[in-house]
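Visitor: Just a sequence and a predicted model for now, questions to come.
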Amino acid sequence: MQTNYQEILENIVIEMQPFAKEGKQADYIPALAKVDPDKLGICLTTVSGETYKIGDADEKFSIQSISKVFSLAIALSLEGKELWKRVGKEPSGSAFNSLVQLEYEHGIPRNPFINAGAIVVADVLLTHLKDPKSFFLQFVRSLCDNQSIDYSPEVAESELACGYLNASIAYLLKYHGNLQNEVKDVLEFYSLMCSMMMSCTDLSRAFLAFAESNKPFCHGGVELTPSRVKRINAIMQTCGFYDEAGEFSFLVGLPGKSGVGGGIVAIYPSKYAIATWSPRLNNKGNSIMGMKILEEFTTQTSESIF
Ligand code: GLN
């Protein structure tokens, strides 16, 4: 029997209302503090093309660290396993913008989904691509088949103006010889990728390419073997939620990635990709409602990879 995703999602949103006012949106990037914290969107897209939407599913928001999955896909297609000499693939167990670990591990970030790792990945893209900004944009547009996707220069500038911690990370990487380009250029490109505006509908479509990990990945000039897509999904599972990666795995049981804009994307391999957006975050920088909704969703549908 076909699972009634629409009805299940609608009921879960009602059941989760007691948590709707918990947490607050990110404000260390001033432009994100202006977003209405009560927005709530969900979109699930199946591999056979059905779509289920709730609330603000079609409103675009800043994807922030969700962009790290897209940039990793490009970097892996460019460098293959050479990439793992400059960035690890172990959970960090520390905050997404932590500096300490990077210092005692001599400038090799734990994984590509913490800021330090994603800054190295941004450097890889800058080194290899002639026009990295438009390549990244075209890649994401082609993944979700939406030409209206774009960066938000306002969010990118707002982050750069107050991005002292990311600047410290980048200088430490540069000191250890793990950045080939100028710190300023790498930070500019990193913040631009984070600023990309997408809706839950766009994100769930884009992540279908990762959910269909049994097929060759070929989108917008980026080609990956099923084995490489499997590895990206494995890193989402173990590192997608920073020092809450274990908790997300425990509660939800799907590979996923969050961003401080309040978005979360999760995939059920060979079946669907689901995106949620609710800007109120917990103290780890992950969306409270997003995590609760996904936990309840995989519980009620009994669909998790475990
Ligand atoms: N651009 C944000 C930062 O570097 C991304 C963080 C996130 O989404 N966790 O701080």
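Guide: Done, it's in.

Visitor: quick one, what contacts residue 29?
Guide: Neighbouring residues of residue 29 by C-beta atoms under 8 Å, 6 or more residues apart in numbering: 155, 158-159, 162, 260. Every C-beta, even on glycine, is put in place using the N, C-alpha and C of the backbone.

Visitor: Go through those and name the one nearest the ligand.
Guide: Nearest to the ligand among the contacts of residue 29, counting by C-beta to the nearest ligand atom, is residue 260 at 3.6 Å.

Visitor: Against the ligand, how distant is the residue nearest to the closest one when sequence neighbours are not counted?
Guide: Among residues not flanking residue 260 along the chain, residue 26 sits closest, at 4.1 Å (C-beta to C-beta, 6 or more residues apart in numbering). As judged by C-beta to the nearest ligand atom, to the nearest Å, residue 26 and the ligand stand 8 Å apart.

Visitor: Verify the stated contact: residue 26 with residue 37.
Guide: No: in this structure, residue 26 is not within contact of residue 37 by C-beta atoms under 8 Å, at 10.1 Å.

Visitor: neighbour-wise, which of the two wins?
Guide: Legend: neighbour count by other C-beta atoms under 10 Å for residue 26 and residue 37, higher for residue 26 (20 against 16).

Visitor: quick one: pLDDT of that one?
Guide: We have a pLDDT of 95 for residue 26.

Visitor: residues in contact with it?
Guide: Counting by C-beta under 8 Å, 6+ apart, residue 26 makes contact with 32-33, 64, 260-262, 279, 281, 285.

Visitor: and those residues near the ligand, which?
Guide: Counting by C-beta under 6 Å from any ligand atom, 64, 260, 285 from those sit close to the ligand.

Visitor: Now the contacts of residue 26 in JSON lines, please, with extra columns for secondary structure, pLDDT and neighbour count.
Guide: Converted to JSON lines, the contacts of residue 26 look like this (DSSP: H, G, I helix; E, B strand; the rest coil; pLDDT from 0 to 100; neighbours: other C-beta atoms under 10 Å):
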{"residue": "32", "secondary structure": "helix", "pLDDT": "96", "neighbour count": "23"}
{"residue": "33", "secondary structure": "helix", "pLDDT": "95", "neighbour count": "14"}
{"residue": "64", "secondary structure": "helix", "pLDDT": "98", "neighbour count": "26"}
{"residue": "260", "secondary structure": "coil", "pLDDT": "97", "neighbour count": "25"}
{"residue": "261", "secondary structure": "coil", "pLDDT": "98", "neighbour count": "30"}
{"residue": "262", "secondary structure": "coil", "pLDDT": "98", "neighbour count": "31"}
{"residue": "279", "secondary structure": "coil", "pLDDT": "98", "neighbour count": "26"}
{"residue": "281", "secondary structure": "strand", "pLDDT": "97", "neighbour count": "26"}
{"residue": "285", "secondary structure": "coil", "pLDDT": "94", "neighbour count": "21"}
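
Visitor: Contact residues of the stretch 51-200 of the chain facing the ligand?
Guide: The stretch 51-200 of the chain comes close to the ligand at residues 64-65, 96-97, 115, 159, 166, 194, as judged by C-beta under 6 Å from any ligand atom.

Visitor: Name the nearest residue to residue 205, sequence neighbours excluded.
Guide: Leaving aside its chain neighbours, residue 205 sits nearest to residue 144 (4.2 Å; criterion: C-beta to C-beta, 6+ apart).

Visitor: Would you check how far apart the residue nearest to the spatial centre of the chain and residue 151 are?
Guide: Closest to where the C-alpha atoms of the chain average out (C-alpha atoms, centre = their mean) is residue 66, at 1.5 Å. Using C-beta to C-beta, to the nearest Å, residue 66 is found at 14 Å from residue 151.

Visitor: strands paired with the strand or helix carrying residue 45, and their directions?
Guide: Using DSSP states H and E, residue 45 sits in strand 41-46. Applying DSSP bridges, strand 41-46 is found paired with strand 51-55 (antiparallel), strand 272-277 (antiparallel).

Visitor: Could you say which of the ones you listed is packed most deeply?
Guide: Among these, ranked by average contacts under mean count of other C-beta atoms under 10 Å, first place goes to strand 272-277 (a mean of 29).

Visitor: Is it in proximity to the ligand?
Guide: No: against the ligand, strand 272-277 shows no contacts by C-beta under 6 Å from any ligand atom, the least distance being 12.9 Å.
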